[in-house]
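**Q** Need a 3D model of the sequence below.
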Amino acid sequence: IPWPARLALLALFWGSTFLFIKIGDERLAPLQVSLGRLLVGTATLLSILALRRERLPTGASVWGRLAIAGVLLNVAPFTLFAYGEQHVSSLLAGIWNATVPLFTLPVALLVLADEHASARRLLGLAVGFAGVLVVLGVWRGLGGASLGGNLLCLGAAASYGLGFPYTRRYLAHRPEGPLALAGAQLICATVEIAILTLLFAHSVHSLAAKHVLSVLALGVFGTGLTFV
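**A** As a prediction, the model looks like this:
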């Protein structure tokens, strides 16, 4: 498949996650939405790995780094977006997701030797953060549940901004294939979110078909296939 088509599919799959999170939030706790998403996403990616006959990485050091990547790129952002969408619309959550590069660039400049600041990049960064203030509507005053929801979504974007440079520095040049690393990362994230869910989210409300299907879509399309 040509790369523009793959990129368009990625945008479709990833962009739709915010709608499915909103539906899942109707009956499930945010941690439960994230757990279901990761369980299904991990199963999807491991099935693809099995079909391709690729093996998971070995070695304690790489799994330790994958566990950190799982927190930064899966557990924290998935859960923060799920909590945030209890207070803001799925559309607004998607807009906050678009601020990820604003957090990625400063971190990349600090930790990656081949990334350099330029006047053009710094100007773009300033314009981007001005856009953040516009989305927050600072001229109306800040406060209320919507502010909390916006900040949670902003925190999710910031977590991605930390995670992408981290994986580029510590994982991108490893000999294992990217799908094998992604599968191992999702396994780590699933274990981590399962522990949090057991500790902080016990009860489950009655679920309609749309809630189950939304979590399945989050896992298959918004997690498993987006990694592919």
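**Q** Other residues contacting the one helix or strand in the chain whose mean pLDDT sits lowest?
**A** Lowest mean confidence among the helices and strands of the chain (mean pLDDT, DSSP states H and E): helix 119-136, at a mean of 86. Counting by C-beta atoms under 8 Å, 6 or more residues apart in numbering, the neighbours of helix 119-136 from elsewhere in the structure are 92, 95-96, 99, 101-102, 105-106, 142, 147, 150, 154. Where you see a C-beta, it was placed from the backbone N, CA and C, and this is true even at glycine.
**Q** what do you get if the cut-off is 6 Å, keeping everything else the same?
**A** Counting by C-beta atoms under 6 Å, 6 or more residues apart in numbering, the neighbours of helix 119-136 from elsewhere in the structure are 99, 102, 105, 150.
**Q** got the angle for the helix or strand following it vs helix 119-136?
**A** Scanning forward in sequence from helix 119-136 by DSSP states H and E, the next helix or strand is helix 145-170. Put simply, helix 145-170 runs at 150 degrees to helix 119-136, going by axes from the mean of the first three to the mean of the last three C-alpha atoms, to 10 degrees.
**Q** so which strand or helix has residue 58?
**A** Following DSSP H and E, one finds residue 58 outside all helices and strands.
**Q** one step back: return the set of buried residues in the least confident helix or strand of the chain.
**A** 125, 132, 136 (16 or more other C-beta atoms under 10 Å).
**Q** OK, contacts around residue 164?
**A** For residue 164, the set of contacting residues under the criterion of C-beta under 6 Å, 6+ apart consists of residue 104.
**Q** Look up how far residue 170 lies from it.
**A** 11 Å (C-beta to C-beta, to the nearest Å).
**Q** State the pLDDT value of residue 138.
**A** Predicted confidence (pLDDT) at residue 138: the value is 63.
**Q** ah, wrong one, I meant residue 202
**A** The predicted structure scores residue 202 at 76 on the pLDDT scale.
**Q** sec struct for residue 205, please.
**A** Residue 205 falls in the coil class when you classify it by DSSP: H, G, I helix; E, B strand; the rest coil.
**Q** Against residue 42, how distant is it?
**A** Distance, residue 205 to residue 42, using C-beta to C-beta: 24 Å.
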